[in-house]
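J.: No letters, just coordinates:
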């Protein structure tokens, strides 16, 4: 008998176009095809924390049928019983400190630019929105990419750690922090290979 | 015999004018007076993590004499052996998420204001610097006040936890996060009372 394989699934696998295409055209089709591919596979156990399940459902118009969704265990991590090495918290604090400083530099850059080269006349809402959109994009990229920035991300890491499961994700931030805790992360391609490559 | 009392000292006590005045006029005088007050007190043990000691020394022109400084134990926390409840990390991630959003709102506010009301003509460096200074102040207050934002802060919390010591600080962020771990925080006034009120 094959050793049972436990896999914690991140939303990104089925939602991000970079990985979704491996399983289907839309998030809904990707999830449905994935569920079909694990049906009947007795040595593969898939998990998703309830918070991440909620997140995933927002990308579908309709949840898959219960008889399919039951193939994924909606298990939350035991947050009140778990602990994290202090060293990881040090690293997290330092990472946030650097990024917060980066965010301020971006805010300063936009302000200085606009002080010296006010680019629009009054009532030019369109250009104003374009500047704000560009500011938002730059700021969010600097502060959020590559860090754990939500409860959902941390749920995935804690659950994978608790179950000693593989974490299937294409989110670089998740991979980086999960690896600090010794979690085995797998890509969408590896996940597809594992579930049989028969999608 | 009085029960021995262990106290971890934060820089803020001797540096922040709101508490320093209780011990002396300058950081140097405050620290020296404090050291004098604990000399010979066999039931009071004071600690400071090396990182925080370095920080404190930056505020003095010259370190106190060795025979005085030896009264404070420069003990680092056992960072590689300690762990933190996962729930605290959840709270920290959520707090940072809210603050990062707040930082973006501030950056947007300044940008929109400057787009619509470019307040200065070219070459008016003075006004430009005033705007940037105000942006920095608002951003830093929003993102840093009330959170653990440095390795030094976390060293204080870990050390107080490890030693089951009281933490003497007037930093609200430190108090808030230390209390989540059950650490007894004392104010500058309480510290002065404890060391004898004889400064």
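T.: Structure's in. What do you need? Here the structure is a predicted model, which means the values were calculated and not measured.
J.: the strands in chain A, which residues?
T.: Assigned by DSSP state E, the strands in chain A fall at A:5-9, A:44-47, A:72-73, A:83-85, A:166-168, A:185-186.
J.: Those: which one's closest to chain B?
T.: With C-beta to the nearest C-beta as the criterion, chain B lies closest to strand A:83-85 of these, at 4.0 Å. From N, CA and C alone the C-beta is placed, and that goes for glycine too.
J.: Now the closest one: buried residues?
T.: Residues of strand A:83-85 classed as buried: A:84, A:85 (neighbour count, 16 or more other C-beta atoms under 10 Å in any protein chain shown).
J.: what about that strand and chain B, any contact?
T.: Yes. Under the criterion of C-beta under 8 Å from any C-beta of the partner chain, chain B is reached by strand A:83-85 at A:83, A:84, A:85.
J.: how close does the second one get to residue A:164?
T.: The span separating residue A:84 from residue A:164 equals 16 Å under the rule C-beta to C-beta, to the nearest Å.
J.: Surely residue A:71 touches residue A:35?
T.: Yes. Using C-beta atoms under 8 Å, residue A:71 makes contact with residue A:35 at a distance of 5.3 Å.
J.: Any figure for the gap between the closest residue to residue A:146 other than its chain neighbours and residue A:95?
T.: The shortest distance from residue A:146 to any non-neighbouring residue, by C-beta to C-beta, 6 or more residues apart in numbering or on different chains, is to residue A:173 (4.4 Å). For residue A:173, the distance to residue A:95 (C-beta to C-beta) stands at 10 Å.
J.: for residue A:133, same thing?
T.: Residue A:133 is 26 Å from residue A:95, by C-beta to C-beta.
J.: Counting neighbours, go ahead and name the busier of those two.
T.: Counted by other C-beta atoms under 10 Å in any protein chain shown, residue A:133 and residue A:95 do not tie: residue A:95 has more neighbours, with 17 against 10.
J.: Next one, pLDDT for that one please.
T.: Note for residue A:95: predicted pLDDT of 93.
J.: Let me know the distance separating it from chain B.
T.: 10 Å (C-beta to the nearest C-beta, to the nearest Å).
J.: show me the residues around that residue that make contact.
T.: Residues near residue A:95 by C-beta atoms under 8 Å, 6 or more residues apart in numbering or on different chains: residue A:147.
J.: Residue A:78 too?
T.: Here residue A:78 is in contact with A:158, A:162 (C-beta under 8 Å, 6+ apart).
J.: Does anything pack onto the helix or strand bottoming out on mean pLDDT in chain A? Which helices or strands?
T.: Lowest on mean pLDDT, DSSP states H and E among the helices and strands of chain A sits helix A:66-69, with a mean of 84. Helices and strands touching helix A:66-69, as assessed by 3 or more C-beta pairs under 8 Å, 6 or more residues apart in numbering or on different chains; DSSP states H and E, comprise helix A:27-38.
J.: in the helix it packs on, what counts as buried?
T.: So, applying 16+ other C-beta under 10 Å, buried residues of helix A:27-38: A:27, A:28, A:30, A:31, A:32, A:33, A:34, A:35, A:36, A:37, A:38.
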